[in-house]
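> Sharing a model prediction with you, sequence too.
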Amino acid sequence: MANLKEIRNRITSVSSTMQITSAMKMVSAAKLKKAQDAITAMRPYAEKLTELLQSLSATLEGGTGEEFTTQREVKKVLLVAITSNRGLCGAFNSNVIKEAKNRSEFYAGKQVDIFAIGKKGNDVLSKTNTVIENQSSVFDNLTFDNVAAIAEALTQKFVSGEYDKIELIYNQFKNAATQIVQTEQFLPLAPVKSDLNVAAGDYIFEPSKEEIVLTLIPKSLKTQLYKGIRDSFASEHGARMTAMHKATDNATELRNQLKLTYNKARQAAITNEILEIVGGAEALNA
């Protein structure tokens, strides 16, 4: 059994760790509320924008927006892996990294590159894949304008023919304890189908439907990427809060076990001292 000093040192160490994890849990909980409100408020807008785009596209004829919808033979694929800049958030980053590697294997025989958004994904994936760019700084000031610049760069890579397909891989926020890894096709745009039978004369369009669609498609792509990063950002804080909650519980349990061990060792030492005193007294009386 370890001596009393060693056990006291371990109790002190575990207590310090518990204070740190508890503080990190509270910080993540505070940040989660803000991030959750942001993604919850944004989802209806993103869904309505997609619905509007589908409704308009279903009534168009000709090749309007074909630069965004052209289905080319897939030879070069770009995977946009959205992770975080920091760890201590359970399997949050490893799940996205694992999915990115699975998608790379799925496209075996084709050129597969990685566009990293987040330091953790870049650090790991750069060892096994070709990472063409890392945009981890976007989390320093997460705004629509900053994300829009990234979306424009990705769109240009597809329109110019540099890549035939672009996919987003990120954690979708469900609740603080649950994050779902999603793989979404970013470009080319999937063929749209509308369940709404909108007659051409139902609305008066100004400017023309074609111009509206050409304006909505880039905006929809920017919104899709922004929603993905916002989802990932909220998921990160939820995963970190849950991980730190479990770490605090484990540290509390370990500290209690160490205290019990310490008390047993201390009681045993006291008992031995009493026995030695009693034995010495009996020896003197004999």
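It's in.
> Not counting sequence-adjacent ones, nearest residue to Glu210?
Ranked by C-beta to C-beta, 6 or more residues apart in numbering and with sequence neighbours excluded, the top spatial neighbour of Glu210 is Thr64, at 4.7 Å. Just so you know, the C-beta spots here come from the backbone N, C-alpha and C atoms, and that holds for glycine as well.
> same deal with Asn146?
Going by C-beta to C-beta, 6+ apart, Asn146 has Val138 as its nearest residue, at 5.4 Å.
> who touches the one you found in this structure?
Each residue near Val138 by C-beta atoms under 8 Å, 6 or more residues apart in numbering is listed here: Ile117, Asn146, Val147, Ile150, Ile229.
> Checking my notes, the third one in a strand, right?
If I follow you right, that is Val147. No: assigned with DSSP: H, G, I helix; E, B strand; the rest coil, Val147 falls outside any strand and is helix.
> and it, how many neighbours?
The number of residues packed near Val147 is 21, by other C-beta atoms under 10 Å.
> Quick one: residues contacting it.
So Val147 contacts Val138, Lys222, Leu225, Tyr226, Ile229 (C-beta under 8 Å, 6+ apart).
> Of those, just the buried ones, PyMOL syntax please.
The PyMOL selection below is limited to those of these classed as buried (16 or more other C-beta atoms under 10 Å):
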select buried, resi 138+222+225+226+229
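> May I see the contacts of Val147 arranged in CSV, with distance to Glu273, secondary structure and pLDDT as well?
As requested, those are exported to CSV (distance: C-beta to C-beta, whole Å; DSSP: H, G, I helix; E, B strand; the rest coil; pLDDT from 0 to 100):
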residue, distance to Glu273, secondary structure, pLDDT
Val138, 64, helix, 95
Lys222, 75, helix, 95
Leu225, 70, helix, 96
Tyr226, 69, helix, 96
Ile229, 64, helix, 97
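> that older thread, need the max-distance pair from the contacts of Val138.
Ile117 and Asn146 (11.0 Å; C-beta to C-beta).
> The two: which is more packed in?
Shown here are Ile117 and Asn146; by other C-beta under 10 Å, Ile117 has more neighbours (29 against 16).
> Quick check, pLDDT for that one.
Note for Ile117: predicted pLDDT of 97.
> from what I can see it touches Leu79, true?
No: the criterion here is C-beta atoms under 8 Å, and Ile117 misses it with Leu79 at 10.9 Å.
> on that earlier part again, nearest to Asn102, of the contacts of Val138?
Closest to Asn102, out of all of those and judged by C-beta to C-beta, is Ile117, at 18.3 Å.
> For the closest one, what are phi and psi?
phi -120, psi 100 (degrees, to the nearest 10).
> roughly how far apart are it and Asn95?
15 Å (C-beta to C-beta, to the nearest Å).
> Could you give the secondary structure assignment for Ala81?
Relying on three-state DSSP, one would call Ala81 strand.
> That one against Ile117, yeah?
Yes: here Ala81 reaches Ile117: they are 7.0 Å apart, a contact under C-beta under 8 Å.
> How about the contacts made by the most centrally placed residue in the chain?
Among the residues of the chain, Ser232 comes closest to the average C-alpha position under C-alpha atoms, centre = their mean, at 3.8 Å. When contacts are counted by C-beta under 8 Å, 6+ apart, Ser232 touches Ile82, Thr83, Ser84, Gly118, Tyr170, Asn171, Phe173.
> That one is in what secondary structure piece?
Per DSSP states H and E, Ser232 falls inside helix 209-285.
> ok, Ile166 - how many residues close by?
Ile166 has 22 nearby residues by other C-beta under 10 Å.
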